[in-house]
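Q: sequence first, then the predicted structure:
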Amino acid sequence: MEAPNVQIEQSVVERINNKYPDMQQNIELVVKISSDAWKKLKHRYFFAKLITTKIDKATRSDENKEEIGHSAINLLNSIFMDEEDDVHKVVQKYTEAQRGFINLVTTFTSFFYSSSYTKNDSSHISDALEEADSFINKIDDTTFIQNLHTECIFNGHEEIRQGIINIFFCEYSKWRSECFIPHVKKFLPSPLGLDKQIDCKFDEEFELLKQELEKREFEKICKKIEEKYPIGRKFKIIDIIESYLFASSFHFIYETETTQPDQLKITIYETSLEESDLFELQKNEFYVPKSRLFTNIHGVAGISFQINSGVYELRKISQFENKKYFIILWNKKRRQHEIFFDTASRLRSIFKANLPKAFRRLNNIEKHCMFAINEPRGLIGIFNKQSGVVGYYALDIC
């Protein structure tokens, strides 16, 4: 259904402009999405898309083109969804995370790094950021969202496309409720010669009628969906929102019932002791101090992450003096040990994003072996109880 082409007479436009000067300019200003979070999302998306496009061009003739294309789209999604603000750290993170795919890493690394995997060329990243800035200034929001719906790079990856669209839609909804409506009310003419009580009564009656209408139509929509799809997964419709981009289209917000595997939740807390407690401990080793928990800016203590107990079994966890954690996991499916050495927040991001390649593998080591850690030298002792052989693993603790 096409939107009606409404023609307004010039005399009406002139009358409105005379009575409400600058109204048109005010409307043009207020409909522009001015949210910093929205601009940040667009900038991160264009930056991630730029990387993916360059990788695709560099590997166009490669025999593993399809596999590289799939990995590149996942890379775009990971960079876009990453909560880290520092782009240099994001680039470093996913360079390491993609090392299992040599061609992709070579292209990705040569684009951002001068001569090694550890020293990034900030000028290349700065150039990419400037190019992303130019895209933001060239493409208006409406065109940008419409292009996102039809972007060919997501063909075959509709879940990733829809996930990115949902992020933008949530930010748009937030901007609309928090910024757009209050700004519109600022320059709308106030009713003249009307009694405030009558005005409030009209608003109340309108809201009641609106709620009744929404409830009635909502039930009709749910009933039609049940009739059309009587078989399938259970889902609960939470809300229906009208699309602002396409006429006669709506967004359904719903929850689905799924069975999740058992998860082992681990929370790492950082504590400190007062000087008085330290003094008492020196005098009495049985003294019980009162430790103080460190919290983040939101007042939450500890960093939590979840381990799929159907895949992993936690064997050992240790903290080093540089505040990094050394964790040993037993992969039940691959029947091998996997280790992790980094910060707790980095570990949480890996499990949340499901990046198993970020773990290092320890091959040819039985399940029930014993581990000992020498932190000053960065060595891990491994004792094989069946063969009685002692081995070691060198760890880069810098």
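A: That came in fine, so what should we check first? Residues are numbered from 1 along each chain as shown.
Q: list phi and psi for residue 255.
A: Per-residue torsions, residue 255: phi -120, psi 140 (degrees, to the nearest 10).
Q: that one against residue 239, yeah?
A: No - between residue 255 and residue 239 there is no contact under CB atoms under 8 Å: 10.7 Å. Bear in mind the C-beta positions are built from the backbone N, C-alpha and C, glycine included.
Q: contacts only, for the residue nearest the centre of the chain.
A: Central residue of the chain (CA atoms, centre = their mean): residue 81, 3.1 Å from the mean position. Applying CB atoms under 8 Å, 6 or more residues apart in numbering, we find residue 81 in contact with 163, 167, 353.
Q: SS state for the closest residue to the first one other than its chain neighbours?
A: Of all residues beyond its chain neighbours, the one nearest residue 163 is residue 77 (7.0 Å), with distances taken as CB to CB, 6 or more residues apart in numbering. Recorded secondary structure, residue 77: helix (DSSP: H, G, I helix; E, B strand; the rest coil).
Q: and what of residue 391?
A: What three-state DSSP gives for residue 391 is strand.
Q: pretty sure it contacts residue 372?
A: No - using CB under 8 Å, residue 391 is not in contact with residue 372, being 11.2 Å away.
Q: give me the common contacts of these two.
A: Residues touching both residue 391 and residue 372 by CB under 8 Å, 6+ apart: residue 381.
Q: buried ones only from the contacts of residue 81, please, as a PyMOL command.
A: Only the buried members of the contacts of residue 81 end up in this PyMOL selection, burial being decided by 16 or more other CB atoms under 10 Å:
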select buried, resi 353
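Q: in helices only, show me the contacts of residue 81.
A: 163, 167, 353 (DSSP state H).
Q: tell me the mean pLDDT for the lengthiest helix in the chain?
A: Of all segments of type helix in the chain, defined using DSSP H, the longest is helix 196-228. Helix 196-228 shows a mean pLDDT of 81.
Q: so which of the ones in helices among the contacts of residue 81 comes closest to residue 19?
A: Of all the ones in helices among the contacts of residue 81, residue 19 sits closest to residue 167, with 41.2 Å by CB to CB.
Q: surely the closest one is in contact with residue 41?
A: Yes - between residue 167 and residue 41 there is a contact under CB under 8 Å: 6.5 Å.
Q: which residues do those two both contact?
A: Both residue 167 and residue 41 lack any common contact, where contact means CB under 8 Å, 6+ apart.
Q: got the domain boundaries for the protein?
A: The chain breaks down by automatic domain parsing into domains covering 36-175, 205-258, 263-394.
Q: which one of those is the most hemmed in?
A: Greatest average neighbour count among the domains of the chain goes to domain 36-175 (a mean of 16), per mean count of other CB atoms under 10 Å.
Q: for that one, measure first residue to last.
A: End-to-end span of domain 36-175 (CA to CA, to the nearest Å): 10 Å.
Q: point out where this protein drops to low pLDDT.
A: Applying pLDDT under 70 to the chain picks out residues 1-7, 55-69, 94-124, 187-198, 246-248, 356, 396-398.
Q: show me the strands in it, by range?
A: For the chain, the strands defined by DSSP state E occupy 235-242, 250-256, 263-268, 271-272, 292-293, 303-308, 312-319, 325-331, 336-342, 360-362, 370-374, 379-383, 390-394.
Q: what are the pairing partners of the second one, and which direction each?
A: Just to be clear, that refers to strand 250-256. strand 235-242 (antiparallel) (DSSP bridges).
Q: repeat for the fourth one
A: Its sheet considered, strand 271-272 pairs with strand 292-293 (antiparallel) by DSSP bridges.
Q: burial measure for residue 21, as a count.
A: Residue 21 has 10 neighbours, counted by other CB atoms under 10 Å.
Q: relative to residue 277, how far out is residue 286?
A: According to CB to CB, to the nearest Å, residue 286 and residue 277 sit 13 Å apart.
Q: mind listing what residue 238 touches?
A: By CB under 8 Å, 6+ apart, residue 238 lies in contact with 253, 254, 255.
Q: show me what residue 382 is bridged to.
A: Beta-bridge partners recorded for residue 382 (DSSP bridges): residue 371, residue 391.
Q: for it, which residues are in contact?
A: 362, 365, 369, 370, 371, 390, 391, 392, 393.
Q: redo that, cut-off 7 Å
A: 365, 369, 371, 391, 392, 393 (CB atoms under 7 Å, 6 or more residues apart in numbering).
Q: for residue 327, state which of the residues you listed is nearest.
A: For those, the nearest to residue 327 is residue 371 (11.0 Å; CB to CB).
Q: distance of that closest one from residue 391?
A: 11 Å.
Q: what do you get for residue 217?
A: As judged by CB to CB, residue 217 and residue 391 stand 69 Å apart.
Q: and residue 210, by the same measure?
A: Distance of residue 210 to residue 391, computed by CB to CB: 72 Å.
Q: run the chain-centre distance for the longest helix of the chain.
A: Computed by CA atoms, centre = their mean, to the nearest Å, the chain-centroid distance of helix 196-228 equals 34 Å.
Q: report the angle between that helix and strand 250-256.
A: Inter-element angle recorded for helix 196-228 and strand 250-256: 60 degrees (by axes from the mean of the first three to the mean of the last three CA atoms, to 10 degrees).
Q: name the helices or strands packed onto helix 196-228?
A: strand 235-242 (3 or more CB pairs under 7 Å, 6 or more residues apart in numbering; DSSP states H and E).
Q: same thing but at 10 Å, please
A: Counting contacts by 3 or more CB pairs under 10 Å, 6 or more residues apart in numbering; DSSP states H and E, helix 196-228 is packed against strand 235-242, strand 250-256.
Q: could the ones you listed go into a markdown table alongside distance to residue 262?
A: Putting those into a markdown table (distance: least, CB to CB, whole Å) gives the following:
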| stretch | distance to residue 262 |
| --- | --- |
| strand 235-242 | 23 |
| strand 250-256 | 19 |
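Q: and those: which comes nearest residue 295?
A: That would be strand 250-256 among the helices and strands packed on helix 196-228, by CB to CB, at 30.9 Å.
Q: quick one: contacts of the closest one?
A: Strand 250-256 is contacted from outside by 165-166, 169-170, 173, 221, 225, 232-244, using CB atoms under 10 Å, 6 or more residues apart in numbering.
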